[in-house]
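J.: Following is a predicted model, sequence given first.
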Amino acid sequence: MTISRLFKTNKLLIRLMNIGLIFFTLGYSKPSDTVNRNNLFKYIETDKARYNIGESVEFHLTLAEPIEKSTLLINYYFEGILIGTEALKISLQKSIYWSWQPPLVDYCGYLVEVFLSDNPNNQEKITIAVDVSSSWNKYPRYGFVSKYPQMTDATIDSVIKRLNRFHINGVQFYDWHNTHHDPLKGTVDAPEETWQDIANRTIYQLTVEKYINTVHKYNMKAMAYNLLYGAWSSGFQEGVQREWGLYIDLNHQEPFRLNMPDGWADDIYFMNPADPDWKNYIFEKMNKTFRILDFDGWHVDQIGDLGVLYTYEGDSVILKDTFTSFLSEAKVSLNTKLVMNAVAQYGWAEIDRAPVEFLYNEVWKPDSTFNDLVRILDQNRTISGKNTVLPAYMNYNKSSQSGFFNTPGILLTDAVIFSNGGAHLELGEHMLCHEYFPNDNLKMTLKLEKALVSYYDFSVAYQTLLRSPQLRSYEMIISSDEVPLQSMAQKGTVWSFSKSIGNKTIVHFINLMKVEDINWRDANGAQTEPDLIFNLLVNINEQKTVKSVKAISPDFMYGLPENVPYNQTNGLLEIKIPFLKYWTAIILEY
């Protein structure tokens, strides 16, 4: 049954005393005599990042100033199709609350449009997306936290509330722990209130606990970061045995260790993930963590391909060969959710064979171009069927000093990742520029943050057309006399590719006409802003009869669908793409 049929128009939650008032208004103040309708809509948010089937969505709209009398019109879209409308009378209100009951269909995204009925041509509006999914792992949108000093409840809530606006549905708690071999300091009966992490930062257990509770309030998952094979030197006095370790030589004279910067607490010695005693030890320590802190799972980390290492007895070890069994046994022992990092793709296939929530690939050289990102995402989806999160650190060469992220570089990379079904780990208390997550040297400009809200709304609203496991590559011959089109990323072209699902084909266009290069990291922050292209005429060879054509973009029209005139004759479809800045997609419906 279609979403349109299942949708039941929700009557607006408006009643006076005798009719009943279900929406609430706050922030009353006397309106000015003449209301300036420019930039009227200040902010819109929902109460959760993800909704289970049957849950109602609570919206909060903030106006720049109160309006004496007007009607708020609300449209609900699924895959670019209008499925419901509502009209809300407002008066003397600056904050407006209302509820919506989405259709009872799992794993769907919606776009919600809000505007005033008396606004000329309805030019000023605001939109937000809604995700209805019974699990986070089909369409993961992963964020992070990385700092745990003493914090007020309000500060903690503000961090997670901001992530909620980006619909982040899972949060990695980076370097929250005490030692890698004993993450939660103290005992189950008497956990310590504070501890020093590897960088000698003071971690407050109460801050971690409150962060977890707040994450859950917004229906996000909280994942406890830790290595699968890490032990400090102090661990050898706390039950860790040298016989469990990994060595560079055959005679256990040179233990493999990760040398940490001067001034840090310790170096990290590597244990053999295949050693039964080490597994029992670290599983017991992680279980202690989960008994005290209400984490939803373990974010398992590694550092990549270390070549051949040796056990204490001199047997060779290839680390990736240990991943599947380690994770499978962790799942049985801990009964918790698991995510594991495939650093530079190392061990991704072995991780995929384990019971992980989704694939998580930290991208490094030689995977430097947009085409490499697409290859990783396509490989993961085709072979595993799981969705993918890419930790891909932007403007990396600028990360050692204060500055700002380069907006064109960020938006182009997100356009590539999102259009190919992936998610980008980039948002937390700050935006990531480095693999050491507390590094917050680079800041987002207001322009970038506003654009990213639109991009994340877009990725959620159209998630069934962007990230569904049922999506398949669909070969089409696409041409234009106005710009060079290429089916792979190439400087000086418009990159076009298509995917199909059900009775729809989604054709993506990414503007690479003026790019500095096609390297996704934009390491020096030098990527250039593309020119806006209007009414780009393209021809598509398509034998199937097209019933409708819609254009959608996170860069224009608030992500809303726009009907596009078209002509189809003898298997040739001619359309004009109304706008192309960074990324526009065309939905063909048959």
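T.: Sure thing, it's come through.
J.: How is the protein partitioned into domains?
T.: As assigned by automatic domain parsing, the chain contains the domains 3-132, 472-589.
J.: What mean pLDDT does the last one get?
T.: Per-residue confidence for domain 472-589 averages out to 98 on the pLDDT scale.
J.: Would you work out how far apart the start and end of it are?
T.: This stretch, domain 472-589, spans 15 Å end to end (CA to CA, to the nearest Å).
J.: same question, stretch 144-164
T.: End to end - CA to CA - stretch 144-164 spans 12 Å.
J.: Quick check: residue 133 vs residue 422, distance?
T.: 17 Å (CB to CB, to the nearest Å). For glycine as for every other residue, the C-beta is placed from the backbone atoms N, C-alpha and C.
J.: Residue 43 and residue 64 touch, don't they?
T.: No. Applying CB atoms under 8 Å, one finds residue 43 not in contact with residue 64, separated by 9.3 Å.
J.: just checking, residue 542 touches residue 476?
T.: Yes. Proximity of residue 542 to residue 476 meets the contact threshold set by CB under 8 Å, at 6.6 Å.
J.: So for those two, which sits in the more crowded spot?
T.: Neighbours per residue, other CB atoms under 10 Å: of residue 542 and residue 476, the larger number sits with residue 542, 20 against 17.
J.: show me where the stretch 301-450 of the chain has helices.
T.: For the stretch 301-450 of the chain, helices defined by DSSP state H, counting those that start in this stretch occupy the ranges 320-334, 348-352, 370-384, 407-419, 446-461.
J.: Looking at the ones you listed, which is nearest to residue 97?
T.: helix 446-461 (19.5 Å; CB to CB).
J.: Kindly calculate the angle that the closest one makes with helix 407-419.
T.: Here helix 446-461 runs at an angle of 10 degrees relative to helix 407-419 (axes from the mean of the first three to the mean of the last three CA atoms, to 10 degrees).
J.: any idea of the mean pLDDT for helix 446-461?
T.: Helix 446-461 shows a mean pLDDT of 98.
J.: Can you show me the CA trace of the very next helix or strand once past that helix as PDB?
T.: Next in sequence after helix 446-461, counting helices and strands by DSSP states H and E, comes helix 463-466. Listed in PDB are the C-alpha atoms of helix 463-466, where the atom choice follows Å, rounded to 0.1, in the frame of the first residue of the first chain:
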ATOM      1  CA  GLN A 463      16.400   8.900   2.200                       C
ATOM      2  CA  THR A 464      14.300   6.200   0.300                       C
ATOM      3  CA  LEU A 465      15.600   7.700  -3.000                       C
ATOM      4  CA  LEU A 466      19.200   8.200  -1.800                       C
END
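J.: Please name every helix or strand in contact with helix 463-466.
T.: strand 108-116, strand 504-512 (3 or more CB pairs under 8 Å, 6 or more residues apart in numbering; DSSP states H and E).
J.: buried set for it?
T.: 463-466 (16 or more other CB atoms under 10 Å).
J.: helix or strand right after it?
T.: Following helix 463-466 toward the C-terminus (DSSP H and E): strand 472-473.
J.: Identify the residues contacting that next one?
T.: Contact partners of strand 472-473, identified using CB atoms under 8 Å, 6 or more residues apart in numbering, comprise 378, 497-501.
J.: Next step: those restricted to helices.
T.: The members of those that map onto helices under DSSP state H are residue 378.
J.: Present the contacts of strand 472-473 as TSV; the columns should include neighbour count and distance to residue 310.
T.: Below are the contacts of strand 472-473 laid out as TSV (neighbours: other CB atoms under 10 Å; distance: CB to CB, whole Å):
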residue	neighbour count	distance to residue 310
378	15	36
497	22	46
498	21	50
499	21	46
500	20	50
501	17	49
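J.: ok, of the contacts of strand 472-473, which one's closest to residue 139?
T.: residue 501 (14.2 Å).
J.: For residue 132, list each beta-bridge partner.
T.: Each beta-bridge partner of residue 132 is listed here, defined by DSSP bridges: residue 51, residue 108.
J.: Please read the previous query as pertaining to residue 232.
T.: Bridge pairing for residue 232 - DSSP bridges - gives residue 268.
J.: Can you pull the poorly scored residue ranges out of the chain?
T.: Along the chain, segments meeting pLDDT under 70 span 1-38, 119-122.
J.: and the residue nearest the centre of it, what are its phi and psi?
T.: Nearest to the mean C-alpha position of the chain, counting by CA atoms, centre = their mean, stands residue 141 at 2.8 Å. Residue 141 adopts backbone torsions of phi -130, psi 100, taken as degrees, to the nearest 10.
J.: thought it was touching residue 423?
T.: Yes. Residue 141 is within contact range of residue 423, at 5.1 Å (criterion: CB under 8 Å).
J.: Find the residues that touch each one of these two.
T.: 389, 459.
J.: partners of the residue nearest to residue 547 when sequence neighbours are not counted in the sheet?
T.: What sits nearest to residue 547 in space, not counting adjacent residues and going by CB to CB, 6 or more residues apart in numbering, is residue 589, at 5.2 Å. Beta bridges link residue 589 to residue 504, residue 548, judged by DSSP bridges.
J.: Quick one: residues contacting residue 589.
T.: 503-504, 546-550.
J.: could you redo the last one with a cut-off of 10 Å?
T.: 79-81, 502-505, 546-550 (CB atoms under 10 Å, 6 or more residues apart in numbering).
J.: Ok, residue 389 next?
T.: By CB under 10 Å, 6+ apart, the contact list for residue 389 reads 140-142, 170, 172, 339, 341, 357-362, 417, 422-425.
J.: Take the buried residues of helix 463-466 and lay them out in JSON lines including distance to residue 218.
T.: What follows is the buried residues of helix 463-466, written out as JSON lines (distance: CB to CB, whole Å):
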{"residue": "463", "distance to residue 218": "18"}
{"residue": "464", "distance to residue 218": "22"}
{"residue": "465", "distance to residue 218": "25"}
{"residue": "466", "distance to residue 218": "22"}
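J.: Now flag whichever of the residues you listed is closest to residue 371.
T.: So of the buried residues of helix 463-466, ranked by how close each gets to residue 371 (CB to CB), first place is residue 466, at 18.5 Å.
J.: Where do the strands of the stretch 1-150 of the chain begin and end?
T.: Secondary structure of the stretch 1-150 of the chain, counting by DSSP state E, counting those that start in this stretch: strands at 25-26, 41-46, 57-67, 70-78, 81-90, 93-100, 108-116, 125-132, 142-145.
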